[in-house]
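Q: Quick one, fold the following:
(one chain, ligands or ions: 1)
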Amino acid sequence: MEAFEKIKTLLTEISEAQPADKDGLEQFRIRFLGTKNIIKPIFGEMRNVPNDQKKDFGLALNELKAAAESRFNVLKDSIENAQDQSAGLGLDLSLPVDNKLQGSRHPVSIVMNKMIDIFEKIGFVVAEEREIEDDWHNFTAMNTPADHPARDMQDTFYLKNSITNLLRTHTSSVQARVMTTQKPPIRIIAPGRVYRNETISARSHCQFHQIEGLYIDKDVSFADMRQTLLYFAREMYGAKTDIRLRPSYFPFTEPSAEMDVWLGTDTASTKRLTKGTGWLEVLGCGMVDPNVLINCDIDPEEYSGFAFGIGIERSAMQKFNISDIRQLFENDVRFLRQFSNVI
Ligand code: PHE
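A: Have a look, this model is predicted:
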C-alpha cells in the first residue's frame, strides 16, 4: 500500500513541476529520468506487494515512468520556446540588471528644482520664457531706457547684425513678458539661463542661471516681500537661517535690496564663498518700480508688488562644495556622475 502511495505522490509532483529555466529542467531530468532516478528503487518494492496487486502495481509504475517522460518533453519544449522568443528580441531575460549607467541630475538643476518646490508651496507658478529677448523686454520695460547708465551694469551679448535682439541678461525680462500678457494678481517664478559678456574665471561665467520672482496684487508691502524671502531662506538653508537686507539699486525696483544669508566662517569653503564675511549674497529684490507697472499697462495706483532675482550657481557651489564655477558648464562626466544619487 505504501508503495502505491509513493507513486501517487510522485505523479502529483511530476504534473505540478514547473522549472523556470534550463537548470531547473535538468534537476527534473536527474530526479525522474536520470540513472539514479527516484522511480527505479520503487520497482524493487514489487516483491513486497501482494500477488493479486502485482499487476496493478506494475501498470502504475509504468504509468509513472511515462508521465515523467512526457512531462519532461513538455517542459523542455516550453523552456526552449521561451528562450527562442527572448533571443528573437535580442534579450536575455536571465541577465542581472545593470544599474551602472544611470544618469544624474546636474547640480544646477538640483538646486533650481528645490527652489521651485519651495515657491510652489506658497502659490507661485512657474513661467518660462525665451533666452533670445528683445531690447524692450530686457531693458526698456524694466525702466532701463537706452541712455540709462544702468545698462552698463550688465554687459550684453547682442545678436549679430541686430541692435534689438540680445541674449537676456537677467530673468527680469520675464516680468515684462508676464505683466504685458496677464492681469494681476500675478504670482510667478521664472527659472532659466541668462548671459553676460563677462570674463570667465573660477567665480564668474558668461552664462548662469537665475530664478525670478514676481508678485503683483493690491496692497503688497515690503514686509510681505521680506517675509516671503525669509521663508525661502529657511526652507533652503535651514530653519535657523538668518537673513539681512542691504539697501541696493536696480532700475526696476524702488526701494531695492540685496539679500544675504548667514553661513558663518567655520569651514574653508564657507570662508571662501563668503569672502570671509560669513554672509552669502543670494538675491536682489525690491518693490516693483511704478514706471515698470506703467510700461506694462498696470495701474500703479491700484496695484503694487515685489520682485526678486536669485542666482543659482553660488548656492549650488555652496551646497556641493564646488570651488570653480566653470565645472558647472564643462559637462565632464566624471564631475557629473558624482551627483547620480542626489535627487
Ligand atoms: N535682475 C537683477 C539681476 O540680474 C536681480 C533682480 C531681480 C533685482 C528682481 C530686483 C528684482 O541682478
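
Q: Dihedrals phi and psi, whatever residue of the stretch 101-250 of the chain ends up closest to the ligand?
A: Nearest to the ligand in the stretch 101-250 of the chain, going by CB to the nearest ligand atom, is His170, at a distance of 3.4 Å. C-beta: built from backbone N, CA, C; applies to glycine. Note on His170: backbone dihedrals following degrees, to the nearest 10 are phi -160, psi 160.

Q: Please list the outside residues in contact with stretch 211-225.
A: 112, 115-116, 119, 124, 170-172, 174-175, 178-179, 184-192, 228, 255, 285-288, 293, 298, 302-310, 312 (CB atoms under 8 Å, 6 or more residues apart in numbering).

Q: hmm, 6 Å instead?
A: Stretch 211-225 is touched from outside by 115, 171-172, 174-175, 184-191, 287, 303-310, with contacts defined as CB atoms under 6 Å, 6 or more residues apart in numbering.

Q: what does stretch 119-131 give?
A: With CB under 6 Å, 6+ apart, stretch 119-131 has contacts from 168, 174, 177-178, 187-190, 193.

Q: 7 Å - rerun?
A: 116, 167-168, 173-174, 177-178, 187-193, 213, 231-232 (CB atoms under 7 Å, 6 or more residues apart in numbering).

Q: do stretch 270-277 as well
A: 263-265, 280, 314, 317-318.

Q: hmm, back to that, skipping its backbone neighbours, what lies nearest the residue of the stretch 101-250 of the chain closest to the ligand in space?
A: Spatially, and ignoring its direct neighbours in sequence, His170 is nearest to Val194 (5.4 Å; CB to CB, 6 or more residues apart in numbering).

Q: Tell me if that neighbour really is in a helix.
A: No - using DSSP: H, G, I helix; E, B strand; the rest coil, the assignment for Val194 is strand, not a helix.

Q: tell me the contacts of it?
A: 168-171, 208, 210 are the contacts of Val194 under CB under 7 Å, 6+ apart.

Q: and this protein, which residues reach the ligand?
A: Residues of the chain found near the ligand (CB under 6 Å from any ligand atom) are 170, 172, 212, 250, 253, 284-286, 307-309.

Q: Next step: the residues you listed restricted to helices.
A: Ser172 (DSSP state H).
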